[in-house]
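A.B. asks: what would the 3D arrangement of this be:
(one chain, ligands or ions: 1)
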Amino acid sequence: MALTGIDIFKLLPKTNCQECGVPTCLAFAMKLAAGQAELSSCPHLSDDAKAALGEASAPPIRLVTMGSGDDAFKAGGELVMFRHDKTFFNPCGYALLIDDTSGASEIDGKLKQVNESHFVRVEQDLKADMVAVKCSSGKPETFVEIIEKVKAATSLPLILMSDNPEVIHAGMAVNGEAPLIYGANKDNYEKMADLAKTHKTALAVISDNGIDGLNDLVPKIEALGVKDLVLDPGYRNPKETLQSLVYMRRGALVKKIKAFGYPTIAFPVEETSDEMMETLLAGLYTCKYGSIIVVGNLKPQYALPLYVLRQNIYTDPQRPMQVKQGIYPIGTPNENSPVLVTTNFSLTYFIVTGEVEGSRVPAWMLIQDVEGLSVMTAWAAGKFVPEKIAPFIKGSGIEEKVKHRKLVIPGYLSQMSGELDDELEGWKVEVGPREAADLPAFLKAWSA
Ligand code: SF4
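C.D. replies: Below you'll find the model as predicted:
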């Protein structure tokens with residue numbers, strides 16, 4: 001049975017030495033219980049504590065890291081079946097497939113997609129995570145040539161794809177950045193496991209018989225000493241792939257089947273040749289329960305919806321999405337442009353700034369941190385009230401950017417305009433429209 005944070009804490013040295021990278025032993029115990037820390041991070045555990053904590057504290061789905069540095073990609077480490085039970089911790093990764101038999105212009109085009117399909121939304125970078133290089137040529141020298149080309153264009157982690165250990169061996173010689181080896185099947189697993197151990201890298205396990213095949217093959221590879229695995233049930237049709245992904249997640253978390261306690265990989269690129277269908281399947285496996293999703297295109301029109309879906313699935317449902325407190329210029333505002341204030345709930349921010357942009361009236365948006373609450377909720381909670389708004393405006397730096405002193409507040413807060421007038425010395429408070437959709441007309445009249 002899983003131990004609680006308090007159970008774990010009782011077995012720790014309680015010296016708060018911080019060598020595990022966490023401020024206290026109690027905080028470390030809580031992280032360990034949540035599957036967000038490794039037992040080996042504490043160097044001061046007694047042998048008895050190690051024995052007691054070892055199995056019990058292992059996360060039900062192993063966290064596997066591929067690549068290194070800022071571009072390292074982490075997969076797995078999940079603790080719940082459903083996002084609303086707690087949260088999902090490690091967003092799935094999208095890998096773009098490059099075949100070593102493709103022509104130079106096609107490969108260049110794909111590398112361009114990897115580097116250009118990059119967006120910023122709610123202050124998060126939305127981008128590709130890996131590049132999968134597949135050896136269809138059967139020639140190690142061709143495979144190596146394409147790996148070198150990919151490495152020159154991107155520092156993202158790679159998936160090296162071949163069922164021939166000699167080809168993978170050649171690829172590893174030029175890669176060296178902890179790629180995912182794809183992969184081990186029932187015929188080659190001993191040699192592939194050897195490569196993974198030698199290069200200290202993750203290994204994909206490919207079944208020829210769905211989850212039954214994995215249940216058979218994974219323990220054999222574990223017995224060879226490879227710890228970082230990624231599971232492919234081997235199907236190439238959406239129905240069986242989805243069933244397998246759901247079963248493996250449930251098997252690991254609910255039924256505690258150790259062989260399924262690893263991240264997964266899915267291949268929409270090999271299930272359809274239609275780009276739109278591929279994106280839909282990638283979305284399906286984003287929701288349930290792909291850890292790495294290999295696609296054949298990441299053109300911006302397909303990549304952005306996937307990235308946004310992933311962002312929504314992998315945000316903590318108990319914490320509203322927020323934007324940072326600060327001054328946001330919309331358009332190119334100047335010292336005469338209107339100044340509006342609202343809260344840092346991301347939905348509020350997007351709706352209001354969208355309407356301000358649409359008005360084509362350059363403006364200054366002041367976004368106040370109210371822990372991600374909407375305007376009325378923050379007001380009711382006492383977080384977006386005159387005595388809090390006034391010091392925020394005064395300290396924001398907006399007085400150096402405009403020469404007027406007029407502040408537009410949301411129409412729903414008209415009842416506090418007089419009080420805010422009193423609190424905000426030197427400023428005149430104006431009440432904006434109740435609905436964001438009415439902002440364009442309001443701003444045009446304001447600046448006329
Ligand atoms: S390294 Fe061990 S003893 Fe030190 S703070 Fe972390 S858990 Fe406690």
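A.B. asks: residues contacting the residue of the stretch 151-300 of the chain found nearest the ligand?
C.D. replies: Taking CB to the nearest ligand atom, the ligand has its nearest neighbour within the stretch 151-300 of the chain at Lys227, 21.8 Å off. C-beta: built from backbone N, CA, C; applies to glycine. Lys227 makes contact with Arg62, according to CB atoms under 8 Å, 6 or more residues apart in numbering.
A.B. asks: just Leu26 next, same as before
C.D. replies: Contact analysis of Leu26 by CB under 8 Å, 6+ apart lists 5, 9.
A.B. asks: do Lys288 as well
C.D. replies: Applying CB under 8 Å, 6+ apart to Lys288 gives the contacts 242, 245-246, 249.
A.B. asks: ranking by neighbours, what's the top pick from the residues you listed?
C.D. replies: In terms of neighbours by other CB atoms under 10 Å, the contacts of Lys288 top out with Leu245 at 24 neighbours.
A.B. asks: helix, strand, or coil at the closest residue to that residue other than its chain neighbours?
C.D. replies: In this structure, Leu245 finds its nearest non-sequential neighbour in Tyr289, 4.6 Å apart by CB to CB, 6 or more residues apart in numbering. Following DSSP: H, G, I helix; E, B strand; the rest coil, Tyr289 is assigned to coil.
A.B. asks: and the pLDDT at Tyr289?
C.D. replies: Tyr289 is assigned a pLDDT of 97 by the prediction.
A.B. asks: okay, it and Asn90: tell me how far apart.
C.D. replies: Per CB to CB, to the nearest Å, Tyr289 is found 12 Å from Asn90.
A.B. asks: returning to what we had before: the residue of the stretch 151-300 of the chain closest to the ligand sits in which helix or strand?
C.D. replies: Assessed by DSSP states H and E, Lys227 sits outside every helix and strand.
A.B. asks: please apply the same query to Lys10.
C.D. replies: Counting by DSSP H and E, Lys10 is found in helix 5-11.
A.B. asks: which parts of that helix are buried?
C.D. replies: By 16 or more other CB atoms under 10 Å, the buried positions in helix 5-11 come out as 7-9, 11.
A.B. asks: just stretch 357-377 next, same as before
C.D. replies: 359, 361-370, 372-375, 377.
A.B. asks: just stretch 166-173 next, same as before
C.D. replies: 167-172.
A.B. asks: that one: how far from the chain's middle?
C.D. replies: In terms of CA atoms, centre = their mean, to the nearest Å, the centre of stretch 166-173 is set 30 Å apart from its chain centre.
A.B. asks: so what's the residue count around Asp187?
C.D. replies: 10.
A.B. asks: so what's the residue nearest to Leu245 up against?
C.D. replies: Contact analysis of Tyr289 by CB under 8 Å, 6+ apart lists 78, 245-246, 248-249, 264.
A.B. asks: what does Lys388 give?
C.D. replies: If a contact means CB under 8 Å, 6+ apart, then Lys388 has 368, 382 as its contacts.
A.B. asks: where's it, which helix or strand?
C.D. replies: According to DSSP H and E, Lys388 maps onto helix 386-396.
A.B. asks: I'd like the next helix or strand past that helix.
C.D. replies: strand 406-409.
A.B. asks: can you list the buried residues in stretch 248-268?
C.D. replies: Result for stretch 248-268 [16+ other CB under 10 Å]: buried residues 248-249, 251-253, 257-268.
A.B. asks: report how many residues lie close to the closest residue to Ser414 other than its chain neighbours.
C.D. replies: Sequence neighbours aside, Val431 is the residue nearest to Ser414 in space, at 4.5 Å (criterion: CB to CB, 6+ apart). Using other CB under 10 Å, Val431 has 16 neighbouring residues.
A.B. asks: I figured Val431 hits Met416, correct?
C.D. replies: No - using CB atoms under 8 Å, Val431 makes no contact with Met416, being 9.6 Å away.
A.B. asks: thinking again about what came up before, which ones among the buried residues of helix 5-11 also lie next to the ligand?
C.D. replies: Among those, no residue is within reach of the ligand (CB under 6 Å from any ligand atom).
A.B. asks: per-residue pLDDT of the residue nearest to Ser414, please?
C.D. replies: pLDDT, Val431: 97.
A.B. asks: show me what it bridges to in the sheet.
C.D. replies: Beta-bridge partners of Val431, counted by DSSP bridges, are Ile409.
A.B. asks: what's near enough to touch it?
C.D. replies: By CB under 8 Å, 6+ apart, the contact set of Val431 is 408-409, 411, 413-414, 417.
A.B. asks: one more pass at 6 Å, please.
C.D. replies: Counting by CB atoms under 6 Å, 6 or more residues apart in numbering, Val431 touches 411, 414, 417.
A.B. asks: give me the buried subset of these.
C.D. replies: Going by neighbour count (16+ other CB under 10 Å), the contacts of Val431 have Gly411 buried.
A.B. asks: now, the contacts of Val431 that are in helices?
C.D. replies: Judged by DSSP state H, the subset of the contacts of Val431 located in helices is Ser417.
A.B. asks: would you list the buried residues of helix 5-11 in a markdown table and tack on pLDDT?
C.D. replies: As requested, the buried residues of helix 5-11 are exported to a markdown table (pLDDT from 0 to 100):
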| residue | pLDDT |
| --- | --- |
| Asp7 | 88 |
| Ile8 | 90 |
| Phe9 | 92 |
| Leu11 | 91 |
